[in-house]
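Novice: could you look at this predicted model? Sequence included:
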Amino acid sequence: PRRQSYQNEMEHDDRRGGIGCSVSRGAGATSLSGNGVGNGTDAAISDEPRRQSYQPAKRTIDHTATTVNLLKQRIFHPELSAYPVTLRADVDDTVDMLPPSACRANACSSVCTRFLHTSFSKDRSAVNAGCWTPDGRRMLTASAQGMFTLWATFSFSFEATQQAHEHALHSMVWSHSGRLLLSADAAGIVKYWETTLNNVKEVDAHPGSPIRAISFCPTDIKFCTCADDGTVRVWDTSRAACERLLPGTGLDTGDTGLRSHRWDVKCAEWHPSKAMVASGSKDQTVKLWDPKAPREVAALHLHKGSITQLRWHSSGRYLLSSSRDQTIKLFDLRAMRELIAFKAHKREVIALAWHPVHPELFVSGCQEGSIRFWSTNSQEPIGAAFGNGGFAAHAHESSVLALAWHPLGHLLASTSQDTTTKFWCRVRPGEPRKREREPTTSSDEQPLLEDQPQPRSRGGGGHGAFMSNALPSRPHHWQTAGVPSTQA
């Protein structure tokens, strides 16, 4: 009807001698314009309404802003570098945030519990592995259908996908130089990839057995692999040839040949600076190997379940292990003893990752979909991530299969069996921390009767239930920069 009224108005102006006109009634109105010559036959008419399509704003994380703040502080305020970074618990102080490298004294400032974005797998399959590119500009994920998927770092948008393997991918790792990528699948095949994701070489490392982990040596000239056939092998990177198989002590050679463990080997990690390899198996043992001899150096009985993940500390003095017994343990290599045990997960722990900047901070993911942040100074978790903007019970709806920190340490990416890759960032100053939901009623409280009026909550019952369990107001962890992690 509005468009018809505008057309009637145009015909009325034509009958009056083509007087130039310009009609605009809002963003969705039809615009009429004439040049004022003749009887209006040269008038430009646009019958299509101008519709403004609604596009939700995408969350963008730009790390250059905090880096520029750090560079400015070094130039104009060099005396501040000797003091802990302190910000007020106010959202307006977000513009003054610094990168994690400027907050080394406070690991709590780099806990990435704020939900950012969810990226769904294009082939709708589980995302088994993920890693950042060496330059930190993209996130590379590997799915159970053998697909590579690239996601942008700033806007978390989809960039490209590629069929990398014919079978499910289980592991991939970049070399320390950042020039080579290795990927392994469920058929025991290892492929070499350039930085442009061009396949340059392929080797059948463990025929017919799924490869669970790959790890480079500090110089990138060797790498090790482990598989479900119970073996750990050392390979020459340039020749793509197997140099030796690490034999386990007391394992007799039979029809199956030499074995490193008595059962499937689930993880293997090369020492960050020494010629030493650590491997974990379903036989509940963690073994240390000398890849030059080769021989078994030690066998550690740390857990009461299958070993799921091993991660060396950046200093090379400690080894972090997770197991199906729902525990995480830190082992001191110099004293050859267990230092601390972390017990907060309710299901088996699958993924571990040390923070690239803070040596005492690491993150873990378990089978129930929860993500927890830990400090080696405390046995209790210092933070937890929750999906759906903080209103979900866990970070993922299914098992967390891999965790990867951004090289700068300000972002965390998690992959899961629920076909999603989620991105997390640091909490802004002034934002409240989230914690797990608690039961709204206890055994001592009487349930509400049907005839009693129930309290109304804004945004539905789930939202109100979560808000009722919010933490009480207290100083934000940016205010307590010099306080240990247990108090922050």
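Specialist: That came in fine, so what should we check first?
Novice: what's the pLDDT at the residue sitting nearest the centre point of the chain?
Specialist: Nearest to the geometric centre of the chain sits A413, at 1.2 Å (CA atoms, centre = their mean). Looking at A413, its pLDDT stands at 95.
Novice: for the closest residue to A129 other than its chain neighbours, give me its contacts.
Specialist: Nearest non-adjacent residue to A129, counting by CB to CB, 6 or more residues apart in numbering: A142, 4.3 Å away. In short, each C-beta sits where N, CA and C put it, glycine included. Residues in contact with A142 (CB atoms under 8 Å, 6 or more residues apart in numbering) are V127, N128, A129, G130, F148, T149, A164, L169, H170, M172, S183.
Novice: A142 sits in which helix or strand?
Specialist: strand 138-143 (DSSP states H and E).
Novice: any buried residues in that strand, and which?
Specialist: R138, M139, L140, T141, A142, S143 (16 or more other CB atoms under 10 Å).
Novice: gap between the fifth one and A298?
Specialist: The reference is to A142. Distance of A142 to A298, computed by CB to CB, to the nearest Å: 32 Å.
Novice: also S157?
Specialist: For S157 relative to A298 (CB to CB), the value is 47 Å.
Novice: measure A344 to S143 for me?
Specialist: Per CB to CB, A344 is found 29 Å from S143.
Novice: oops, could you answer that again for N377 instead?
Specialist: 37 Å.
Novice: from what I can see V265 touches C224, true?
Specialist: No. In terms of CB atoms under 8 Å, V265 does not count as a neighbour of C224; the distance is 10.4 Å.
Novice: who has more neighbours out of these two?
Specialist: A count of neighbours by other CB atoms under 10 Å puts V265 above the other of V265 and C224, at 29 against 22.
Novice: show me where pLDDT drops low in the stretch 351-488 of the chain?
Specialist: Flagging of the stretch 351-488 of the chain using pLDDT under 70 yields the residue ranges 388-391, 432-488.
Novice: double-check that R212 belongs to a strand.
Specialist: Yes. Judged by DSSP: H, G, I helix; E, B strand; the rest coil, R212 forms part of a strand.
Novice: pLDDT value on the nearest residue to V203 once chain neighbours are set aside, please?
Specialist: What sits nearest to V203 in space, not counting adjacent residues and going by CB to CB, 6+ apart, is A240, at 4.6 Å. pLDDT recorded at A240 is 91.
Novice: A240: what's it in contact with?
Specialist: Going by CB under 8 Å, 6+ apart, A240 touches V190, Y192, K201, V203.
Novice: most neighbours out of these, which is it?
Specialist: Of the contacts of A240, with other CB under 10 Å as the count, V190 tops at 23 neighbours.
Novice: my guess is that one contacts V173, does it?
Specialist: No. At 10.6 Å, V190 does not count as touching V173 under the criterion of CB under 8 Å.
Novice: shared neighbours of these two, which are they?
Specialist: L182, I214.
Novice: neighbouring contacts of the one helix or strand L71 maps to?
Specialist: Here L71, judged by DSSP H and E, is contained in helix 64-76. With contact meaning CB under 8 Å, 6+ apart, helix 64-76 is reached by L80, S81, V95, D96, M97, L98, P99, S101, A102, H410.
Novice: so, low pLDDT: which residues of the protein?
Specialist: Counting by pLDDT under 70, the chain contains low-confidence ranges at 1-58, 80-84, 250-257, 388-391, 432-488.
Novice: same thing but at 50, please
Specialist: 6, 10, 12-48, 255, 437-488 (pLDDT under 50).
Novice: helices of this structure, start to end?
Specialist: 2-15, 64-76, 461-468 (DSSP state H).
Novice: hang on, the earlier thing: from D332, how far off is the residue nearest to V203?
Specialist: Relative to D332, A240 is positioned 36 Å away (criterion: CB to CB).
Novice: please apply the same query to R88.
Specialist: Going from R88 to D332 by CB to CB gives 39 Å.
Novice: so how many other residues sit close to the spatially closest residue to the residue nearest to the centre of the chain that is not a sequence neighbour?
Specialist: Once flanking residues are discounted, A413 sits nearest to A404: 4.8 Å by CB to CB, 6+ apart. A404 has 21 neighbours, counted by other CB under 10 Å.
Novice: next: P272.
Specialist: 14.
Novice: repeat for S171
Specialist: 24.
Novice: isn't it up against G188?
Specialist: No. Assessed by CB under 8 Å, S171 is found out of contact with G188, at 11.8 Å.
Novice: now list whatever residues contact both of the two.
Specialist: Taking CB under 8 Å, 6+ apart as the contact rule, S171 and G188 both touch I211.
Novice: what residues does stretch 208-217 touch?
Specialist: Outside of stretch 208-217, the residues within contact range by CB under 8 Å, 6+ apart are 168, 170-173, 175-176, 182-190, 205, 222-229, 237, 264-270, 275, 277, 291.
Novice: of those residues, just the buried ones, ChimeraX syntax please.
Specialist: A single ChimeraX command selects the buried members of the contacts of stretch 208-217 (16+ other CB under 10 Å):
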select :168,170,171,172,173,175,182,183,184,185,186,187,188,189,190,205,222,223,224,225,226,227,228,229,237,264,265,266,267,268,269,270,277,291
